[in-house]
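J.: The following block contains a protein sequence and its predicted model.
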Amino acid sequence: MQPGPKNLITDIPGLRVGNARDDALKSGTTVLVADAPFTASVNVMGGAPGTRETDLLAPDKSVAQVDALCLSGGSAFGLDACSGVVDGLRAQGRGFQVGTAKIPLVPGAIIFDLLNGGEKDWADNPYRALGRAAFDAADTDFALGSEGAGTGAMTAMTKGGLGSTSLVLPDGKTVGALVAANPMGSATTPGDRHFWAAPFEIDGEFGGLGPDPASGLGRDLQSRKIAAMLEANPAHANTTIAIVATDAALTKAQCQRMATAAHDGIARACLPAHSPGDGDLVFAASTGDRTLADPERSLTLIGHAAALCLARAIARAIYLARPEPGDLLPTWSTLNA
């Protein structure tokens, strides 16, 4: 398996990603959209999720396909970004047909970035406009790091961010990941130089420093994030939300299995992961362009590739984060200059 040409989730034909950010707000939104409706499901393993339309993605629910997926900052306010994406889809005449009506279906999830130092005293919720702007910007090329839903993200020790990677399987199918990394845990080992995800890195995509040579790691859960927000009760100020996708033809139940397997990527890249204060969630999407010759064996490899992509995408998000005025935490690049 090797990364696709862009090493982005948009190496999957037909997928596009759009970002929008507000630097004063220190927050933003990211949208995944396709040329046509796509099959999707979800798995939630964090204890504090914030979501919209995720019940629809259960395998027993009637609608199998959606029009877009939305990741956003803003906690509960950020769920309104989905409405902006719905507006954009409706303007294009897209949506689930019910009689003479068309209803765009846009499940979404949010990270908590309300205590990151940005201006949060808005009169009107800004996230609907950010969702529409991200939808309008959707393309096969998009920026990573302090962009979109990752604009105001923070890990335990450094700024978080938006990350993406891909892998092309031996049979030509492609798997990709897109993540807004804002975990309670750290993405780096003690000393802030090495990434927990280092064993899975390809071609120096997040610095090429290799694994931490120290042993006995993981016993110290120091957190600059908690210290920075201590007076504001940060117990639920976390979350890693992601999308993994493939061009393999998966059912909704198979997408859910892919999402479940992909959570291993969060556990490999963040320490700890899936805590009571995290809202860790993974959407899975299938464009359905390539049939599965051996469904059980193929799905195993697809899930494995999704976990590898997600671990790498998380580290890449932190590696590419940019310093901005008013940041509460340093970036990885600043600490390792």
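T.: Received it, and whenever you're ready, just let me know what you need.
J.: wait, what's in contact with the residue lying closest to residue 11 once chain neighbours are set aside?
T.: Nearest non-adjacent residue to residue 11, counting by C-beta to C-beta, 6 or more residues apart in numbering: residue 4, 2.9 Å away. Heads up, the C-betas are built off the backbone N, CA and C, glycines and all. Neighbouring residues of residue 4 by C-beta atoms under 8 Å, 6 or more residues apart in numbering: 11, 12, 166, 167, 168, 174, 176.
J.: in the stretch 101-250 of the chain, which spans are helices?
T.: In the stretch 101-250 of the chain, the helices defined using DSSP state H, counting those that start in this stretch lie at 127-136, 224-228.
J.: C-alpha coordinates for the first one, CSV please?
T.: What follows is the C-alpha trace of helix 127-136 in CSV, where atoms were taken according to Å, rounded to 0.1, in the frame of the first residue of the first chain:
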residue,chain,number,x,y,z
TYR,A,127,-21.3,28.7,11.7
ARG,A,128,-24.1,28.5,9.2
ALA,A,129,-22.2,31.0,7.0
LEU,A,130,-18.9,29.0,7.6
GLY,A,131,-20.6,25.8,6.5
ARG,A,132,-21.9,27.4,3.3
ALA,A,133,-18.4,29.0,2.6
ALA,A,134,-16.7,25.6,3.1
PHE,A,135,-19.2,23.9,0.8
ASP,A,136,-18.7,26.6,-1.9
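J.: So residue 35 sits against residue 67, correct?
T.: No: in this structure, residue 35 is not within contact of residue 67 by C-beta atoms under 8 Å, at 10.8 Å.
J.: Please say which of those two ends up with more neighbours.
T.: With neighbours defined as other C-beta atoms under 10 Å, residue 35 and residue 67 compare such that residue 67 has more, 25 against 10.
J.: Please identify the helix or strand for the more buried one.
T.: In this assignment (DSSP states H and E), residue 67 forms part of strand 65-72.
J.: Next: residue 88.
T.: With DSSP H and E as the criterion, the answer for residue 88 is helix 81-91.
J.: Give me the distance between the helix or strand following that helix and the centre of its chain.
T.: Following helix 81-91 in sequence order, the next helix or strand is strand 96-98 (DSSP H and E). Chain-centre distance of strand 96-98: 28 Å, with C-alpha atoms, centre = their mean, to the nearest Å.
J.: what's the answer for stretch 24-36, then?
T.: Computed by C-alpha atoms, centre = their mean, the separation of stretch 24-36 from the middle of its chain amounts to 10 Å.
J.: now stretch 278-292
T.: The answer for stretch 278-292 is 12 Å, by C-alpha atoms, centre = their mean.
J.: Give the buried residues for stretch 76-94.
T.: Buried residues in stretch 76-94, defined by neighbour count with 16 or more other C-beta atoms under 10 Å: 77-89, 94.
J.: okay, those in JSON lines with distance to residue 308 next?
T.: Compiled in JSON lines, the buried residues of stretch 76-94 are given as follows (distance: C-beta to C-beta, whole Å):
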{"residue": "77", "distance to residue 308": "33"}
{"residue": "78", "distance to residue 308": "28"}
{"residue": "79", "distance to residue 308": "30"}
{"residue": "80", "distance to residue 308": "33"}
{"residue": "81", "distance to residue 308": "28"}
{"residue": "82", "distance to residue 308": "29"}
{"residue": "83", "distance to residue 308": "34"}
{"residue": "84", "distance to residue 308": "32"}
{"residue": "85", "distance to residue 308": "28"}
{"residue": "86", "distance to residue 308": "33"}
{"residue": "87", "distance to residue 308": "36"}
{"residue": "88", "distance to residue 308": "32"}
{"residue": "89", "distance to residue 308": "31"}
{"residue": "94", "distance to residue 308": "32"}
